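J.: my questions concern the predicted model and sequence given below.
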Amino acid sequence: MSTSNRNEKAGLQRILTGLIVCAGCAIFGGIYEHFGHGVYSGYMIYAFLLPLILSVIPGVFLRMRDAEMIPEASGRLWNFGVATLTVGCILKGALEIYGTTNHRLIVYPVLAGIFAAASVIVWIAKNAGLQV
């Protein structure tokens, strides 16, 4: 199997995984909202948009342009950041529905930013020909 076939398969797998995560978040949010006794949270309702906008749409865009796929290490770091942000969003929504807050939730966007920055650094390093 050639490298381009492997990259194409990995790209399709990332898109499919992103779609499954989007559907899972939407179903989870819907069920949670249903049992929330009429209390709703925008964080919970729209949590599915994060993996859709940050993973699926860029993946589809790259496939349509036949662009070179993102290196595996960079893609994994990016996905960790998206997952961290999504989990933080769901947790924030659950706490809002419960009627409380927690100042420690700032950890989620900070960690997501660190993962995203690390992903970009690895991607730049790979494009510069460095071994990462």
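T.: Great, that's in hand.
J.: quick one: least confident helix or strand in the protein?
T.: Every helix and strand of the chain was ranked by mean pLDDT, DSSP states H and E. The lowest is helix 3-34, at a mean of 83.
J.: what packs against it?
T.: Judged by 3 or more C-beta pairs under 8 Å, 6 or more residues apart in numbering; DSSP states H and E, the packing partners of helix 3-34 are helix 42-45, helix 49-51, helix 57-64, helix 72-98. Heads up, the C-betas are built off the backbone N, CA and C, glycines and all.
J.: of all those helices, which lies closest to I20?
T.: helix 49-51 (9.2 Å; C-beta to C-beta).
J.: got the buried residues for the closest one?
T.: Using 16 or more other C-beta atoms under 10 Å as the test for burial, helix 49-51 gives L50, P51.
J.: equivalent analysis for stretch 52-68, please.
T.: Under the neighbour-count criterion of 16+ other C-beta under 10 Å, stretch 52-68 has L52, L54, S55, V56, P58, G59, L62 buried.
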